[in-house]
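Chemist: Need a 3D model of the following:
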Amino acid sequence: MPSRLRFGEDDFLRCRFAVSPLWETQELVRTLKRRERHGYHARWLRRVGEVARGLDLGGLWLLMPQPGHCPDWLCPPPIGPAASFEEEIAAVRASDPEVALADTLKSLADTPGALESPAAARWTGDPAGMVTELADAMEGVWRALIAPDWPRLRALLEADIAFHSRRLAEVGLGGLLPEINRRFGWEAGTLTVEFRGEHERELAGQGLVLLPSVFIWPDVVSTFDPPWQPTLAYPARGIGGLWAEPAERTPDVLVRLLGRGRAAVLDALDEPAGTGALAHRLGLAPSSVSAHLTLLRDAGLLVARRYGHQVLYERTPLGIALVSGDG
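Modeler: Coordinates of the predicted model:
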């Protein structure tokens, strides 16, 4: 059944992209429970498996029915275009306990047997304790599993935004949305999303947050319930190569031509990325990566574009041809 988001005149002026470390943390918890989501992340999940098995995720999993309502208070729409996890989890901890409990009970009702669980009894008797317990669980997942690889994840998400921002300038919002995901359709100011369950919402001047996600694949999430800002979460571009290591993918001929360091940098730029993210991904010093990027740019193989606080590098057509071996 479709979900429909209806745009008014003011909504076109209030659409924005955002990156949310809290959202990635929630979606990783969901991914750990759902094997059909493991495909692109199997290698990484094997690497972090022992740590993941040491986390107590039972309470969070109770609130992730499939299908069904998930509590909006526990992972609200991003508060800014690039908020830190610390800022986002602080907002969660500041949730009104009674409002959070009412939202949580809606989720528990969609999970068979959850309302009779010890956790439900504990939370009903102590809503403030529930907020602390679940926020602590989310923070534990962040620190143990997401934070060590966040530079790599953030680089992919920012590259997705950079790409789609350029397409927005070229084709407009109505042209962009169907390109982002095959489940999205656009007609006469209405965004239609193929989704579990039917949902309709007037954006009512709040606009729409467009949220790329690493761990949401293959799903999409089309909105939050009022009063939360409408949000559209979708799989980010490039997740297929997210966990590949440079030594496994850099062609030998490219290494012989450019040298190992510059070849690795050029080959790693499947998506635009900044110096820090590339250094983390490749295991090189930021100063070395910066020098390689400068030489590759001067040789006409890369261009640099500023996005927010970062300078992102991407291949030119010549750089793409060199990596692919075409021409």
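
Chemist: how about the helices in the stretch 101-250 of the chain?
Modeler: In the stretch 101-250 of the chain, the segments counted as helices under DSSP state H, counting those that start in this stretch are 118-125, 127-141, 150-180, 246-249.

Chemist: closest to residue 231 out of these?
Modeler: Among those, helix 150-180 comes nearest to residue 231, with 13.3 Å by Cβ to Cβ. C-betas here are computed from N, CA, C, even on glycine.

Chemist: Output the helices of the stretch 101-250 of the chain in CSV, with distance to residue 13, mean pLDDT and mean neighbour count appended to each entry.
Modeler: Below are the helices of the stretch 101-250 of the chain laid out as CSV (distance: least, Cβ to Cβ, whole Å; pLDDT from 0 to 100; neighbours: other Cβ atoms under 10 Å):
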stretch, distance to residue 13, mean pLDDT, mean neighbour count
helix 118-125, 40, 95, 15
helix 127-141, 33, 97, 18
helix 150-180, 10, 86, 18
helix 246-249, 42, 55, 12
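
Chemist: who wins for proximity to residue 214 among these?
Modeler: Closest among the helices of the stretch 101-250 of the chain, using Cβ to Cβ: helix 150-180, at 5.3 Å.

Chemist: Who are the packing partners of the closest one?
Modeler: strand 16-17, helix 21-33, strand 184-187, strand 209-213, helix 275-282, strand 302-307, strand 310-315 (3 or more Cβ pairs under 8 Å, 6 or more residues apart in numbering; DSSP states H and E).

Chemist: Quick check: nearest residue in space to residue 43, chain neighbours excluded?
Modeler: residue 243 (4.8 Å; Cβ to Cβ, 6 or more residues apart in numbering).

Chemist: I'd say the one you found and residue 45 touch.
Modeler: No: checked against Cβ atoms under 8 Å, the pair residue 243 and residue 45 is beyond contact range at 9.2 Å.

Chemist: Lowest average confidence across the helices and strands packed on helix 150-180, which one?
Modeler: Lowest mean pLDDT of those: strand 302-307, a mean of 79.

Chemist: Run me through the strand neighbours of it, direction for each.
Modeler: The strands beside strand 302-307 in its sheet (DSSP bridges) come out as strand 310-315 (antiparallel).

Chemist: now the angle from the helix or strand following the strand it pairs with to strand 310-315?
Modeler: Per DSSP states H and E, the first helix or strand lying C-terminal to strand 310-315 is helix 317-324. With axes from the mean of the first three to the mean of the last three Cα atoms, to 10 degrees applied, the angle from helix 317-324 to strand 310-315 works out at 60 degrees.

Chemist: For helix 317-324, what is the distance to the chain centroid?
Modeler: Mean-position distance between helix 317-324 and its chain equals 28 Å (Cα atoms, centre = their mean, to the nearest Å).

Chemist: Ok, stretch 115-130 next?
Modeler: Counting by Cα atoms, centre = their mean, stretch 115-130 comes out at 30 Å from the chain centroid.
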